[in-house]
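> fold the following for me, if possible:
(one chain, ligands or ions: 1)
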Amino acid sequence: MPTENEISGTPKRRPKQSPTSIGNHKLKPSTLMLGYGFDPALSEGSLKPPVFLTSTFVFDSAADGKRFFEGVTGKRPGGAEGLIYSRFNGPNQEILEDRLAVWEGADDALAFSSGMSAIATLLLTFVQPGDVVVHSGPLYAATETLIAKILGRFGVSYLDFPSGASREEIDAVIANAKAKGRVALIYLESPANPTNQLVDVEAVTAARNAAFPEAERPPIAIDNTFLGPLWAHPLKQGADISVYSLTKYAGGHSDLVAGGLVGRQGLIDQIRMMRNTIGTICDPNTAWMLLRSLETLELRMERAGLNAERVCAFLRDHPKVESVGYLGFLEEGSRQADIYKRHCTGAGSTFSLYLKGGEKEAFAFLDSLKIAHLAVSLGGTETLASAPAAMTHLSVPDERKQALGITDNLVRISIGVEDPDDLIADFDNALRSV
Ligand SMILES: *Cc1c(COP(=O)(O)O)cnc(C)c1O
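Here you go, the predicted structure:
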């Protein structure tokens, strides 16, 4: 029997479902990054997804248009069934979202124009005047500004606990927050920048669950930019939403700015409505570049992680080095080492190097590097180095800088995928000029 569509002359093609397993064998994320979520038959057989440069999409029928809008306006859950308008969704962004969700085994994902637009859209979705945001500290500087200064203008307050806090400390902060107002969101960042302190997400989840009956539990969101999506999967420790600056390891080539959220369906659906309204989705070209980046994500991150291990072992024993703040060097038996064992599968490739001396020594080191580039940001194929006290954290008050260990002799390093011996030669040479 011909289908209704064939009768009307427009055979409707549904995308072929990409396999996620072969028999009982479940496919790994690194394999899924090469084809998952894209059906070449829908794009002239093109092996790779084209970049869909269009602002709007043609409906097959008025009834289709109505159904798609029902999804987008939240009349039906799960988002739009079809493509409508490029502020809401597009093929490149949808493939990207399917693949982002794979790494953490999340229900769903959303792509954004930057890490900060992802974080802003998340916060705007959940906060109302009078609410309290509970967060770990320190946070990425722009996130702190957004929560404290910008949301503060709209009557939202916050309370924070230090990243390495114990269950008791977290309990106390949540209790104080409840006394202040409705707790809208618990927002974490782990490891914190630049202290590298890990948050005990399991303890935060247990504290949240003990403090609120199920129907009133505020979501837990966590910025997973530094270790995700390869070395940390905080949804497994009870977080509801994992937050990414895709600009960093996921993009990985220092050539784009983007953000992502992955997590629970019900929450992602609420955030999607906010993104549809304010238009913080990433553009198709950036989404396409991210698809290319994700194909090599595991290769890049593994190599960068191994490189960092080699470089840190070299730096740790160097006479001009005071200490190296690297997650691979946590003190055996310490609380941080315990969190690391429960939460992480790798130490990452971004760390803190404390030189003996002060700004003069840090600057001499940075100015002598020949392979590593003197730039902020992290997670790219090339090694980057910067001085937080003089750059990213310049405007932080001196007292807080001291408390966070942002001293003048601190150099932040993000290791790339170069040859490890070449990197060691570069650091060895730069240390000679200190
Ligand atoms: C870079 C970064 C952000 C902000 O991301 P953008 O893509 O620059 O907007 C947020 N959190 C962390 C931990 C970051 O490193």
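> who's in contact with residue 412?
Shown in contact with residue 412 (Cβ atoms under 8 Å, 6 or more residues apart in numbering): 194, 350, 351, 352, 353, 378, 385, 386, 387, 388, 392. Using the backbone N, CA and C atoms, a C-beta is placed for each residue, glycine as well.
> what about the fifth one, how many neighbours?
In other words, residue 353. The tally of other residues near residue 353 (other Cβ atoms under 10 Å) stands at 25.
> kindly export whatever helix or strand residue 30 lives in (C-alpha atoms) in CSV.
Element membership for residue 30 (DSSP states H and E) is helix 29-32. Taking C-alpha atoms only, helix 29-32 is exported to CSV below (Å, rounded to 0.1, in the frame of the first residue of the first chain):
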residue,chain,number,x,y,z
PRO,A,29,31.9,7.3,22.0
SER,A,30,35.1,7.6,19.9
THR,A,31,33.4,5.4,17.3
LEU,A,32,30.1,7.2,17.5
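> skipping adjacent residues, who's closest to the residue positioned nearest the centre of the chain in space?
The centroid of the chain falls nearest to residue 244 when counting by Cα atoms, centre = their mean (1.6 Å). Nearest residue to residue 244, sequence neighbours excluded (Cβ to Cβ, 6 or more residues apart in numbering): residue 260, at 4.2 Å.
> that neighbour and residue 250 touch, don't they?
Yes - look at residue 260 against residue 250 with Cβ atoms under 8 Å: they come within range, at 7.0 Å.
> name the residues contacting each of these two.
In contact with both residue 260 and residue 250: 100, 244, using Cβ under 8 Å, 6+ apart.
> how about the contacts made by whatever residue of the stretch 51-200 of the chain ends up closest to the ligand?
Closest contact between the stretch 51-200 of the chain and the ligand, by Cβ to the nearest ligand atom, is at residue 115 (2.3 Å). Neighbour list for residue 115: 140, 225, 243, 244, 245, 246, 247, 248, 257, 258, 259 [criterion: Cβ under 8 Å, 6+ apart].
> looking at those, which are in strands?
243, 244, 245, 259 (DSSP state E).
> looking at those, spot the one nearest the ligand.
residue 245 (3.1 Å).
> and the gap between the nearest residue to residue 200 once chain neighbours are set aside and residue 162?
Leaving out its chain neighbours, the residue that sits closest to residue 200 by Cβ to Cβ, 6+ apart is residue 339, at 4.9 Å. Residue 339 sits 13 Å away from residue 162, taking Cβ to Cβ, to the nearest Å as the criterion.
> same question for residue 92.
The spacing between residue 92 and residue 162, counted by Cβ to Cβ, is 40 Å.
> skipping adjacent residues, who's closest to residue 119 in space?
Excluding its sequence neighbours, the residue lying closest to residue 119 (Cβ to Cβ, 6+ apart) is residue 143, at 5.6 Å.
> so the residue nearest to the centre of the chain is in contact with residue 261, correct?
Yes - judged on Cβ under 8 Å, residue 244 makes contact with residue 261 at a distance of 7.3 Å.
> so for the two, which residues contact both of them?
With Cβ under 8 Å, 6+ apart as the test, residue 244 and residue 261 both reach residue 118.
> report the contact partners of the residue nearest to residue 119.
With contacts defined as Cβ under 8 Å, 6+ apart, the neighbours of residue 143 are 116, 119, 187, 189, 223.
> list, one by one, the residues from the protein near the ligand.
Neighbours of the ligand within the chain, by Cβ under 6 Å from any ligand atom: 114-116, 140, 189, 193, 223, 225-226, 245, 247-248, 257, 259.
> that older thread, right, and the residue nearest to residue 200 touches residue 198 too?
Yes - in this structure, residue 339 is within contact of residue 198 by Cβ under 8 Å, at 4.5 Å.
> and the one helix or strand residue 205 maps to, what's buried?
Using DSSP H and E, residue 205 sits in helix 201-211. Within helix 201-211, the residues scored as buried using 16 or more other Cβ atoms under 10 Å are 201, 202, 203, 204, 205, 206, 207, 208, 211.
> out of those residues, who's nearest the ligand?
residue 201 (15.3 Å).
> I'd say that closest one and residue 224 touch.
No - with contacts counted by Cβ under 8 Å, residue 201 stays clear of residue 224, the gap being 9.9 Å.
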